[in-house]
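1. No sequence on hand, only this structure:
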């Protein structure tokens, strides 16, 4: 194993189909829905859309970062069972923070080398249900002692190794790459505009499944369900893309004194779930969504964690024998504007091929699920524009980067 990272090449591996729920703002219509139930929703839907019997699934892989329900330990197993997968099929929990969606696909591709023929990959995240938690009170409280409950969602953004939160690591990249506040706000404004235009044009209509009130039955077991607030009968589209302008973004205060990252040029906080079916391309009788060719994952300095996609993409290209000019589209997660711009500058990326439909600054970033969204959106862009190769990538908290290389199976030279 190379100290420069881990590279995996895949043969005859395809994403048969992929879907997602709408991404919905923190505290919105999905705020009280368990990530398990969101995962069941997309798990069932991807199987139905692909026309595949759930009993054909050999493996269930699922990921979620937050302990967002008391039965969180059972998330992979319950998603599989209530999606209709055979009781004898095992389920595995997968976690690589913001790279979890990519890691699900990587793990599934690896399992195809053994006896697995078809894997159901599900990533589900409820940012809204992150708990207010305490870790030091199992034995109760001493007389007069303060109660140290903290907001898990906020505290999870802090990395104690460098003593920095994720926003501060992006500020570090802004200083290193000479990125001004104005440059970041301009990029964020463009991301919002591109996403809004893509939404109006129906760019994501094919990948989004509406979420409504629903009961999931499983013979012999207690039913599970999705129950939306009374004000929402169904959730049909991403809620965060909205008109904005540079003046509005400029008025926002930086998170850290002397920094350049604000709430407006950092990713939105949203809830959502996504699912994909991974199997052998040669075994699928219907057209597949994408061929999965390779993955790369690397480690970087935690205090500059946002640069992770750059060395991951370099490793992916180096080992696959491709170069930047061969890649028709890049989807790089927009954790923060400084982060994605630093990666683009480091790699000298052509901006016309990067996040052309906007990114997480406008859409939001439900941690585990983002990687699957990036891949399914990328695959559909390649198909729409007759482009052969695409790369999806993301930085990972703690100092990692991950990238996937996919191919358009319908490409015509």
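-> Sure thing, it's come through. Just so we're clear, the structure is a prediction, and the values are computed from it rather than from any experiment. Numbers count the residues shown, from 1 in each chain.
2. contacts for the lengthiest helix in the chain?
-> With DSSP state H setting the assignment, residue counts place helix 181-200 as the longest helix in the chain. With contacts defined as C-beta atoms under 8 Å, 6 or more residues apart in numbering, helix 181-200 is touched by 174, 204, 237-238, 241-246, 249-250, 254, 260-262, 264-265, 334, 337-338, 340-341, 355-359, 361-363. Every C-beta, even on glycine, is put in place using the N, C-alpha and C of the backbone.
3. do that again at 6 Å, thanks
-> Judged by C-beta atoms under 6 Å, 6 or more residues apart in numbering, the contacts made with helix 181-200 from elsewhere in the structure are 241, 244, 246, 249-250, 260, 264-265, 337-338, 341, 357-359, 361-363.
4. Residue 31: how many residues sit nearby?
-> Burial of residue 31, expressed as a neighbour count using other C-beta atoms under 10 Å, amounts to 16.
5. Correction: the previous question concerned residue 198.
-> 20.
6. nearest spatial neighbour of residue 148, skipping sequence neighbours?
-> residue 134 (5.7 Å; C-beta to C-beta, 6 or more residues apart in numbering).
7. In terms of pLDDT, where does the one you found sit?
-> Each residue has a pLDDT score; the one for residue 134 is 87.
8. What does it show for phi and psi?
-> phi -140, psi 140 (degrees, to the nearest 10).
9. rewinding a little: ok, residues contacting the following helix or strand past the longest helix of the chain?
-> Proceeding N to C from helix 181-200, the next assigned helix or strand is strand 211-212, under DSSP states H and E. Taking contacts as C-beta under 6 Å, 6+ apart, the residues outside strand 211-212 that touch it are 21, 234-235.
10. hmm, try it at 10 Å
-> When contacts are taken as C-beta atoms under 10 Å, 6 or more residues apart in numbering, the neighbours of strand 211-212 outside the stretch itself are 21-22, 24, 29-30, 33, 37-38, 41-42, 45, 226-228, 232-236, 272-273.
11. and whatever helix or strand comes next after it, which residues are buried?
-> Per DSSP H and E, the first helix or strand lying C-terminal to strand 211-212 is strand 214-216. Using 16 or more other C-beta atoms under 10 Å as the burial criterion, the residues of strand 214-216 that qualify are residue 216.
12. to the chain's geometric centre, what's the distance from the helix or strand following strand 214-216?
-> Along the chain past strand 214-216, the next helix or strand (assigned with DSSP H and E) turns out to be strand 224-226. For strand 224-226, the separation from the chain centroid amounts to 23 Å (computed by C-alpha atoms, centre = their mean, to the nearest Å).
13. what's strand 224-226 packed up against?
-> Identification of packing neighbours for strand 224-226 by 3 or more C-beta pairs under 10 Å, 6 or more residues apart in numbering; DSSP states H and E yields helix 35-50, helix 75-82, strand 214-216.
14. Partner strands of the following helix or strand past the second one and their direction?
-> This points to helix 75-82. As assigned by DSSP H and E, the chain's next helix or strand after helix 75-82 is strand 91-93. Sheet pairing of strand 91-93 (DSSP bridges) gives strand 59-63 (parallel).
15. give the contact list for residue 216.
-> 36-37, 40-41, 43-44, 78, 81-84, 223-226.
16. for residue 260, that is, sorry about that
-> Taking C-beta under 10 Å, 6+ apart as the contact definition, residue 260 lies against 167, 170-171, 173-175, 179-185, 254, 336-338.
17. Quick check on those residues: which are buried?
-> Neighbour counting with 16+ other C-beta under 10 Å marks 167, 170-171, 173-174, 179, 181, 183-185, 254, 336-338 as buried within these.
18. List the buried residues for the longest helix of the chain?
-> Along helix 181-200, the positions that meet the burial threshold by neighbour count (16+ other C-beta under 10 Å) are 181, 183-196, 198-199.
19. Kindly report the same for stretch 62-74.
-> 62-66, 68-69, 72.
20. Stretch 22-37 now?
-> Judged by neighbour count (16+ other C-beta under 10 Å), stretch 22-37 contains these buried residues: 22-26, 28-31, 33-37.
21. about what we covered before: quick check, nearest of the contacts of residue 216 to residue 310?
-> The nearest member of the contacts of residue 216 to residue 310, counting by C-beta to C-beta, is residue 43 at 33.3 Å.
22. residues touching the closest one, list them.
-> Applying C-beta under 10 Å, 6+ apart, the residues near residue 43 are 19, 54, 57, 60, 62, 78-85, 120-122, 124, 216, 273, 275-277.
23. So the residue nearest to residue 148 is in contact with residue 151, correct?
-> No: here residue 134 lies out of contact with residue 151, judged by C-beta atoms under 10 Å, at a distance of 11.2 Å.
24. re earlier: can you name the two of the buried ones among the contacts of residue 260 that sit furthest apart?
-> Those two in the buried ones among the contacts of residue 260 that are separated most widely, counting by C-beta to C-beta, are 167 and 183, at 16.6 Å.
25. related to what we said a few turns ago, and the contacts of strand 211-212, which of them are buried?
-> A residue is treated as buried here by neighbour count (16+ other C-beta under 10 Å); on that basis the buried members of the contacts of strand 211-212 are 21-22, 24, 29-30, 33, 37-38, 41-42, 45, 226, 228, 235, 272-273.
26. Just the buried ones among the contacts of residue 260: which are in helices?
-> Helix and strand membership here follows DSSP H; of the buried ones among the contacts of residue 260, those in helices are 167, 170-171, 173-174, 181, 183-185, 337-338.
27. quick revisit: tell me which of the buried residues of stretch 62-74 is nearest to residue 293?
-> Ranking the buried residues of stretch 62-74 by separation from residue 293, with C-beta to C-beta as the measure, puts residue 63 on top at 21.6 Å.
28. for that closest one, what are its contacts?
-> With C-beta under 10 Å, 6+ apart as the criterion, the residues that contact residue 63 are 35, 39, 75-76, 92-97, 99-101, 103-104, 107, 121-125, 367-369, 371-372.
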